[in-house]
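Chemist: Sharing a model prediction with you, sequence too.
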Amino acid sequence: MKKLVVVALGGNAILRGDEIGTIEQQEENTRNTLENLIPMIKEGYNMIISHGNGPQVGNILMRNDAGEQLYGIAQMPLDVCVADSQGGIGYMIERILRNLLREHGIEKEVVTLVTQVVVDKNDNAFSNLTKRVGKIYNKEQAENLKKLKGWQFKTSPKTKDGWRRVVASPKPIRVLNEQVINRLVNQGIIVITVGGGGVPVYIDDKNSVRPSEAVIDKDFASSVIGAALKADELYILTDVPYVYLNYKKPNQQQLETINKNEAEKYLEQGMFGEGNMSPKISACINFVKNGGNKAVITEATKLTDKTYGTKIVLE
């Protein structure tokens, strides 16, 4: 059987931090990132692609806010906004990848799935809101919105007096479209799925699928679908070629290959500092612990160079 690989595209793969987010910018970044997947596709890997949506879903929420204030248009809940971003980003990735495959003479189908991901409605994350979303408000605006909508806010680290809405970020349990994805990849179809971590839903007492006002970490969701489908490898693409201990400190140390126990030890010691590397390490640990052969964190342009990247293995 062909090897199955899950590739999680980081936020900078689509939108850079210093850009305003025009479609031209997003398309150029996406094309440059996807070019790095072509050698792996030529090698014969079956492939699942996931992607982040942080800047994009934030923009959707801001448009929601502006539409309500200026024109009285009803705001959509967070799960709908995540689905909106999944469809839009997935469409862009699929279209650009189809063109690249044609240019490289590769005959392969690509499909985008708006994917629902099950979370536990009793997850502790719902009582400890940590994920910042949407625009930055001043304190007065935040207090008014809290009274009006029941939203919760925390100060934004980007400004001295800015406040941003915070929502729950529960752990993903399973992907509802798991069997569909499995059938597609076994036919050699490239599947774009769990975009932005997937649309968060929970199963109620009547076994109905219900929406959840939350966001899911896309790297952890990628590890969940990878483990469920017995993928061989997980690649998490970010903006650095390696993971480092004590990042940007005098005692910074580059990590090349570590096992699960070492990764867990470093994680518990807080060696990855603040920022977004800790969730990526947790996702990699989850993947190898549940049957994956290898998880790699690296920068997109280093993907085909096996000398780059931090590899996490079971033992």
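Modeler: In hand now; what should we look at? This structure is a prediction, so every number in the text was calculated from the model and none was measured.

Chemist: helix, strand or coil for residue 191?
Modeler: Under DSSP: H, G, I helix; E, B strand; the rest coil, residue 191 falls in the strand class.

Chemist: Also residue 248?
Modeler: Residue 248 ends up coil, using three-state DSSP.

Chemist: At the geometric centre of the protein, which residue sits there?
Modeler: Central residue of the chain (C-alpha atoms, centre = their mean): residue 218, 2.6 Å from the mean position.

Chemist: quick one, phi psi at the residue nearest to that one when sequence neighbours are not counted?
Modeler: Leaving aside its chain neighbours, residue 218 sits nearest to residue 197 (4.2 Å; criterion: C-beta to C-beta, 6 or more residues apart in numbering). In short, each C-beta sits where N, CA and C put it, glycine included. The phi and psi values for residue 197, taken as degrees, to the nearest 10, are phi 90, psi -10.

Chemist: quick one: contacts for residue 197?
Modeler: Taking C-beta atoms under 8 Å, 6 or more residues apart in numbering as the criterion, residue 197 is in contact with 53, 82, 117, 172, 215, 216, 217, 218, 220, 221.

Chemist: who touches the worst-scoring helix or strand of the chain on mean pLDDT?
Modeler: Within the chain, confidence by mean pLDDT, DSSP states H and E is lowest for strand 131-137 among all helices and strands, at a mean of 83. Residues outside strand 131-137 that contact it (C-beta under 8 Å, 6+ apart) are 57-58, 61-62, 65, 78, 145, 153-154, 156, 158-159, 162-169, 214-215.

Chemist: Over to stretch 50-59?
Modeler: Contact with stretch 50-59 is made by 6-11, 13-15, 21, 81-82, 84-86, 88-90, 93, 133-135, 192-197, 215, 218, 221-222, 225, as judged by C-beta under 8 Å, 6+ apart.

Chemist: Averaged pLDDT, that stretch. What do you get?
Modeler: The average pLDDT for stretch 50-59 rounds to 88.
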